[in-house]
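In: Give me coordinates for this.
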Amino acid sequence: MKNYTITVNGNVYDVTVEEAGSTGAAQAPRRVVAPAPKAAAPAAAPKAAGGAGNIRIEAKAAGKVFKIEANPGAAVKKGDTVLVLEVMKMETPVVAPEDGTVASIDVAVGDQVESGALLATLNN
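Out: Model prediction:
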């Protein structure tokens with residue numbers, strides 16, 4: 001038996017895999033998966049007043065925060081890049097849905113985010 005710790009979309013699982021005997025017989029290994037999530041690390045505090053703005057910018061897909069282009073207080077136009085996510089090994093810009101001022105950036109570079117997660121807010 002071998003024990004592994006695997007992280008999938010930010011969830012940590014302990015997995016035990018039983019190996020086939022070393023008798024040379026062609027036998028598929030039997031897997032025993034124990035999806036016992038470990039306690040998640042405490043969430044980081046928001047980078048500004050979390051969710052302070054009236055326009056929410058949410059992740060369209062799960063990924064990792066690659067770069068933050070606009071800081072709280074910055075004026076942005078519709079279509080300006082606010083931050084960049086790495087989604088399936090591709091840099092994907094997350095843009096302002098309308099003109100406004102960045103009220104909060106609710107993630108940090110390196111954070112794993114799920115689809116629909118709050119990334120930033122704007123005030124118009």
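In: low-scoring pLDDT stretches of this structure, where are they?
Out: Of all residues in the chain, those with pLDDT under 70 make up the ranges 20-51.
In: Please, where are all the strands along it?
Out: Taking DSSP state E to define them, one finds strands in the chain at 2-8, 11-18, 30-34, 55-58, 63-68, 75-76, 81-87, 90-95, 100-105, 112-113, 118-123.
In: Check which helices and strands the last one is in contact with.
Out: Yep, that's strand 118-123 we're talking about. Under the contact criterion of 3 or more CB pairs under 8 Å, 6 or more residues apart in numbering; DSSP states H and E, strand 118-123 touches strand 55-58, strand 81-87, strand 100-105. Where C-beta positions appear, they are placed from N, C-alpha and C, glycine not excepted.
In: now swap in the first one and tell me
Out: Counting contacts by 3+ CB pairs under 8 Å, 6+ apart, strand 2-8 is packed against strand 11-18.
In: Run through the neighbouring helices and strands of the strand it packs on.
Out: Judged by 3+ CB pairs under 8 Å, 6+ apart, strand 11-18 is in contact with strand 2-8, strand 30-34.
In: Parallel or antiparallel, which strands does the longest one pair with?
Out: Next to strand 2-8 in the sheet, as set by DSSP bridges, lie strand 11-18 (antiparallel).
In: Report the distance from the partner strand to the chain centre.
Out: Distance of strand 11-18 from its chain centroid, counting by CA atoms, centre = their mean, to the nearest Å, is 21 Å.
In: Including mean neighbour count, could the strands of the chain go into CSV?
Out: Formatted as CSV, the strands of the chain follow (neighbours: other CB atoms under 10 Å):
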stretch, mean neighbour count
strand 2-8, 9
strand 11-18, 13
strand 30-34, 9
strand 55-58, 18
strand 63-68, 18
strand 75-76, 16
strand 81-87, 19
strand 90-95, 15
strand 100-105, 22
strand 112-113, 18
strand 118-123, 21
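In: can you put the helices and strands packed on strand 118-123 in TSV and add distance to Asn124?
Out: Putting these into TSV (distance: least, CB to CB, whole Å) gives the following:
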stretch	distance to Asn124
strand 55-58	6
strand 81-87	14
strand 100-105	4
